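Peer 1: Let me see the structure of the following:
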Amino acid sequence: MGMNFYNDRVVLNVLGGSLDNAREVYEAAEGHVAVGVLTADYPTVEAYVEDANRYMEVLEGNLSVGLGGGNPNQWRAVAEVAKYVKANHFNQAFCAVGWTRANLDGAPCHVNAMVAPSGTPGLVKVSTGPLSKDCEKPALVDADTVIAMAKEMGADSLKFFPMGGLKVADELKAVAEACGRNDFILEPTGGIDLDNFDEIMKIILDAGVPKVIPHVYSSIVDKATGNTRPEDVVTLMNKVKALV
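Peer 2: Got it, this is the predicted structure:
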């Protein structure tokens with residue numbers, strides 16, 4: 001089974017601070033969520049895989065294999081995990097989507113392609129890999145072309161990161177419109193909280209994006225425990241229900 005989109009439109013993506021917390025937020029979202037566990041939090045791929053199998057059982061496959069703050073240095077860890085864990089959702093740097101898809105060996109898992117704001121609406125930065133991200137001349141590509149390239153590599157969506165909440169609203173709108181034109185899923189990520197969630201989602205949904213996977217991370221994490229607050233996930237789900 002793939003991810004459980006609410007009304008075939010929205011699945012949340014939140015962090016699971018522990019196995020018990022993952023269970024709590026999965027229930028709070030009524031199953032309409034992919035729960036992130038970050039490869040950056042584990043010393044080895046083997047250690048991640050061992051824990052991931054437990055999460056897979058609790059989440060009915062709805063584990064989101066994460067990089068860790070969009071860290072492209074984790075691309076290989078994510079790609080290696082794909083050999084052993086067929087989670088419903090994988091986060092990946094644009095440059096490593098093909099590697100990850102190949103390691104999934106035909107399993108129908110969702111893989112996103114991480115792109116970044118460029119400063120110009122309609123263009124996105126695809127040089128998000130560990131070497132390319134800091135190049136003096138970044139690769140800025142038309143959003144429609146980027147989606148075509150992502151599809152060719154085996155990606156299912158664009159992960160637009162880091163947004164800084166509504167700081168790049170005009171760029172978000174342009175990317176969303178491209179996803180709408182090309183029937184492609186969008187994953188807005190970075191700085192999304194309970195206050196700006198509705199406005200961000202309205203921009204995306206009004207642009208005709210077929211499905212959306214909003215990532216809401218640190219803003220709903222209890223800093224004392226490192227766990228995502230289930231009550232905040234309930235609030236997000238109520239917002240989703242009102243929107244779609």
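
Peer 1: And the helices in this protein?
Peer 2: Ranges of helices within the chain are 19-28, 45-58, 75-84, 97-103, 143-153, 169-181, 197-206, 230-243, based on DSSP state H.

Peer 1: Which of the ones you listed sits closest to Thr128?
Peer 2: Closest approach to Thr128 among the helices of the chain (C-beta to C-beta): helix 75-84, 9.4 Å. All C-beta atoms are positioned from the backbone trio N, CA, C, and that covers glycine.

Peer 1: Between helix 45-58 and the closest one, find me the angle.
Peer 2: Relative orientation of helix 75-84 and helix 45-58, computed by axes from the mean of the first three to the mean of the last three C-alpha atoms, to 10 degrees: 50 degrees.

Peer 1: Can you name every helix or strand that helix 75-84 contacts?
Peer 2: Using 3 or more C-beta pairs under 8 Å, 6 or more residues apart in numbering; DSSP states H and E, the elements in contact with helix 75-84 are helix 45-58, strand 63-66, strand 89-90, helix 97-103.

Peer 1: Point out the most buried one among these.
Peer 2: Mean neighbour count (mean count of other C-beta atoms under 10 Å) peaks for strand 63-66 among the helices and strands packed on helix 75-84, with a mean of 28.

Peer 1: who does that one pair up with?
Peer 2: Paired neighbours of strand 63-66 in the sheet (DSSP bridges): strand 33-38 (parallel), strand 89-90 (parallel).

Peer 1: Nearest to His215, out of those strands?
Peer 2: It is, among the strands paired with strand 63-66 and with distance given as C-beta to C-beta, strand 33-38, at 7.7 Å.

Peer 1: between the closest one and helix 19-28, how many degrees?
Peer 2: 160 degrees.

Peer 1: Would you reformat the helices of the chain as CSV and include mean pLDDT and distance to Val65?
Peer 2: Putting the helices of the chain into CSV (pLDDT from 0 to 100; distance: least, C-beta to C-beta, whole Å) gives the following:
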stretch, mean pLDDT, distance to Val65
helix 19-28, 98, 13
helix 45-58, 98, 7
helix 75-84, 98, 5
helix 97-103, 98, 9
helix 143-153, 98, 17
helix 169-181, 98, 22
helix 197-206, 98, 23
helix 230-243, 98, 20
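
Peer 1: Counting by contacts, list what the biggest strand by length in the chain packs against.
Peer 2: Identified as the longest strand of the chain according to DSSP state E is strand 110-117. Applying 3+ C-beta pairs under 8 Å, 6+ apart, one finds that strand 110-117 makes contact with strand 89-90, helix 97-103, strand 123-125, helix 143-153, strand 157-160, strand 185-188.

Peer 1: Adding distance to Gly36, write these out as TSV.
Peer 2: Compiled in TSV, the helices and strands packed on strand 110-117 are given as follows (distance: least, C-beta to C-beta, whole Å):
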stretch	distance to Gly36
strand 89-90	8
helix 97-103	16
strand 123-125	22
helix 143-153	20
strand 157-160	12
strand 185-188	11
